[in-house]
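Novice: From the sequence below, what's the structure:
(one chain, ligands or ions: 1)
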Amino acid sequence: MEINGARVAVTGASGGLGCAISRALDACGARLILTGRREDALEKLASQLRGADIVVCDLADRKQLAGLVDRLVDVDILIANAALAATGKLDDFTPDELDRALDVNLRAPMMLTHQLLPGMIRRGRGHFVYISPIAGKIPSPRLPVYSATKYGLRGFSASLRQDLHGSGVSASVIFPGSVVDSGMLADAGLGAAPGSKGTSSDAVGHGVVTAIERDRAEVDVAELPIRFASRLGGLAPGLMARLTQRKQSIAYADQLSLGLRHHR
Ligand SMILES: NC(=O)c1ccc[n+]([C@@H]2O[C@H](COP(=O)([O-])OP(=O)(O)OC[C@H]3O[C@@H](n4cnc5c(N)ncnc54)[C@H](OP(=O)(O)O)[C@@H]3O)[C@@H](O)[C@H]2O)c1
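Specialist: Predicted structure coming up:
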């Protein structure tokens, strides 16, 4: 689908990857709607782009989410990027934290898709892009809640894509590895996962553009060994689970749980 002139909404535009994705789409001529909770960060980003609207919305709040839908009726492309890292063992979560992670990471993207899809079908064009970490394909310790939401997005997108075949509307998932220059890991002072140098937020922006322009079902944005591991995760999940149970991986997962504890 052509991005130039398209109306594009980006959730989580106030965050690290959301900013980079918005810049990449702006450079392709998109007319952007930026959403997030922090108005100051959205305004700052909008002032650096060629012209973008902003909508402040807490995706965990059902009334605010309904209000956001009303503002996005004419959107051609949705980038569902906002998420909470929701790291840690399941028994560390309160029921409220569990609900919030499900609401922000999975329910909001599904609900936005459900509400925006009829308009796109009528117009005969549209694209949904869901942002998931590679942990949305590889079993990783200390991430049962985050993984549930991101594996969920992958299944949602893959099945939706099949139902939309021939309609002019499509869906893609982008799978970045550890992003080291901005975003949740960088903000918490955390480095890339063991065995990885990490990737950049600009590469993620490029991946989003590729997925839309070439209508790719999935785009991995990571170095070759990590992309290979993600394929292996699909072919042999048991083997992959044993590999990610190594001491080094568990230590990194514990670091993530601690560093991103505020992401609930
Ligand atoms: N960073 C990485 O290494 C990495 C790797 C792979 C995939 N990802 C994925 O990339 C996406 C963006 O992550 P990031 O690293 O850019 O994280 P980030 O900098 O923490 O940004 C998260 C974004 O989500 C928004 N958000 C969180 N809770 C929200 C809520 N209740 N309502 C509305 N918006 C909410 C935040 O908005 P406010 O700040 O305005 O509240 C912020 O814009 C996520 O889907 C993540 O899973 C990240």
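
Novice: what's the nearest residue to Glu2 if we skip its chain neighbours?
Specialist: Glu213 (7.5 Å; CB to CB, 6 or more residues apart in numbering). For the C-beta atoms, the positions are set from N, CA and C on the backbone; glycine is no exception.

Novice: need the strands for the stretch 151-264 of the chain, in chain order.
Specialist: 169-176, 218-221 (DSSP state E, counting those that start in this stretch).

Novice: deepest of the ones you listed, which one?
Specialist: Per residue and on average, the most neighbours among these fall to strand 169-176, with a mean of 25 (mean count of other CB atoms under 10 Å).

Novice: Could you measure from the residue nearest to Glu2 over to the ligand?
Specialist: 20 Å (CB to the nearest ligand atom, to the nearest Å).

Novice: OK, contacts around that residue?
Specialist: Glu213 is in contact with Met1, Glu2, Ile3, counting by CB atoms under 8 Å, 6 or more residues apart in numbering.

Novice: Quick check: chain neighbours aside, which residue is closest to the first one?
Specialist: The reference is to Met1. Met1's closest residue in space is His127 (CB to CB, 6+ apart), at 5.0 Å.

Novice: check contacts around that neighbour.
Specialist: Met1, Asp76, Ile77, Leu78, Val169, Ser170, Ala171, Ser172, Ala211, Ile212, Asp215.

Novice: that older thread, any chance of the strands of the stretch 151-264 of the chain in JSON lines, with mean pLDDT and distance to Ala101 too?
Specialist: Putting those into JSON lines (pLDDT from 0 to 100; distance: least, CB to CB, whole Å) gives the following:
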{"stretch": "strand 169-176", "mean pLDDT": "98", "distance to Ala101": "18"}
{"stretch": "strand 218-221", "mean pLDDT": "97", "distance to Ala101": "23"}
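
Novice: Dump those strands to TSV, plus distance to Asp202.
Specialist: Formatted as TSV, these follow (distance: least, CB to CB, whole Å):
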stretch	distance to Asp202
strand 169-176	11
strand 218-221	10
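
Novice: now those as TSV including distance to the ligand?
Specialist: Listed next are these as TSV, based on distance: least, CB to the nearest ligand atom, whole Å:
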stretch	distance to the ligand
strand 169-176	4
strand 218-221	8
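
Novice: looking at those, which is closest to Gly259?
Specialist: strand 169-176 (17.7 Å; CB to CB).

Novice: if we can go back for a sec, can you verify the residue nearest to Met1 is assigned to a strand?
Specialist: Yes: according to DSSP: H, G, I helix; E, B strand; the rest coil, the state of His127 is that of a strand.

Novice: quick one, phi/psi of the residue lying closest to Ala192 once chain neighbours are set aside?
Specialist: Excluding the flanking residues, the one nearest Ala192 by CB to CB, 6+ apart is Gly198, at 3.3 Å. Note on Gly198: backbone dihedrals following degrees, to the nearest 10 are phi 90, psi 180.
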